[in-house]
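Novice: fold the following, please.
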Amino acid sequence: MICRQPWTLDVLDVPTEWKGLEEWIVTILDHFNINCNTALEFGVDYGYSTKVFSQLFQKVIGVDSFERNTCDGKEQNDDFYNQVLNSFTNTNVEIVKARFEDYVSQNNENFYNMIHVDAIHDYNILEPTIRWAVEHSDITLVHDTMEYREVKRACMEIRAEKNLRFLSIPFHCGLGILLKQA
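Specialist: Next up, the predicted model:
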């Protein structure tokens, strides 16, 4: 069982369904003894979770196409992308403007301590992204497991196929945790 420990991290004042999950991240990393060298995030949006991870990992890579609407319906265009990019200037965060599929096809050999997937909720895009993530990380976090049936379906199918552990934080739209069996 994972019990949330009170923890205070600096957060961005932006619209997000992720708000509140930052209180769980330190506990998750500690509980599963995850090294905090490199984190990869698929789905940056305004950068809320990216900011949280930047305080815990030496390097964070945030990948987003910046081609769809944000969680609050704002159009993601070049101006939005530049705003997010500039907010992480001179930090340990690298923002990559790319579709998830393209990033994965070009970076197939890299391994990360943690990968966070909070991307497009389309099963046909999400499932191969999560599949790639569990093969290239110590732990994979997937947001929206309680909000979108397709997200949880992809997690459950991959968990069963690869004999992984799956835990879920049921708050804030759900945060799934996929990792190898102990």
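Novice: so which residues of this structure form strands?
Specialist: For the chain, the strands defined by DSSP state E cover 38-42, 59-64, 93-97, 112-117, 137-143, 164-169, 175-180.
Novice: hey, which of those strands is tucked in deepest?
Specialist: Counting by mean count of other C-beta atoms under 10 Å, strand 38-42 has the highest mean neighbour count of those, with a mean of 26. C-beta coordinates here come from the backbone N, C-alpha and C atoms, glycine included.
Novice: okay, that one in CSV with CA atoms only?
Specialist: Output of strand 38-42 as CSV, limited to C-alpha atoms (Å, rounded to 0.1, in the frame of the first residue of the first chain):
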residue,chain,number,x,y,z
THR,A,38,16.2,11.3,-15.9
ALA,A,39,12.5,11.6,-16.4
LEU,A,40,10.6,11.7,-19.7
GLU,A,41,7.2,13.1,-20.0
PHE,A,42,4.8,12.6,-22.9
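Novice: what lies in contact with that strand?
Specialist: Contact with strand 38-42 is made by 49-50, 53, 56-64, 100, 103, 110, 112-119, 129, 133, 136-137, as judged by C-beta atoms under 8 Å, 6 or more residues apart in numbering.
Novice: returning to that earlier point: nearest to Asp10, out of the strands of the chain?
Specialist: Proximity to Asp10, assessed across the strands of the chain by C-beta to C-beta, is greatest for strand 93-97 (13.1 Å).
Novice: show me what that closest one is packed against.
Specialist: Judged by 3 or more C-beta pairs under 8 Å, 6 or more residues apart in numbering; DSSP states H and E, the packing partners of strand 93-97 are helix 48-54, strand 59-64, helix 78-87.
Novice: can you give the contact residues for the last one?
Specialist: The contact list for helix 78-87, computed with C-beta under 8 Å, 6+ apart, reads Leu12, Val44, Tyr46, Gly47, Asp64, Phe66, Thr70, Lys74, Ile95, Lys97.
Novice: flag the least confident of those.
Specialist: Least confident entry in those, by pLDDT: Thr70, with 64.
Novice: now the residue located most distally from the centre of the chain: how far from Ser137?
Specialist: The centre of the chain is farthest from one residue, Asp79, which by C-alpha atoms, centre = their mean lies 22.9 Å away. Applying C-beta to C-beta, to the nearest Å, the value for Asp79 to Ser137 is 32 Å.
Novice: may I have the residues that are in contact with the residue nearest the centre of the chain?
Specialist: Residue closest to the mean C-alpha point of the chain, counted by C-alpha atoms, centre = their mean, is His116 at 2.1 Å. By C-beta under 8 Å, 6+ apart, the contact list for His116 reads Ala39, Leu40, Glu41, Phe42, Gly43, Ser49, Phe53, Thr140, Leu141, Val142, His143.
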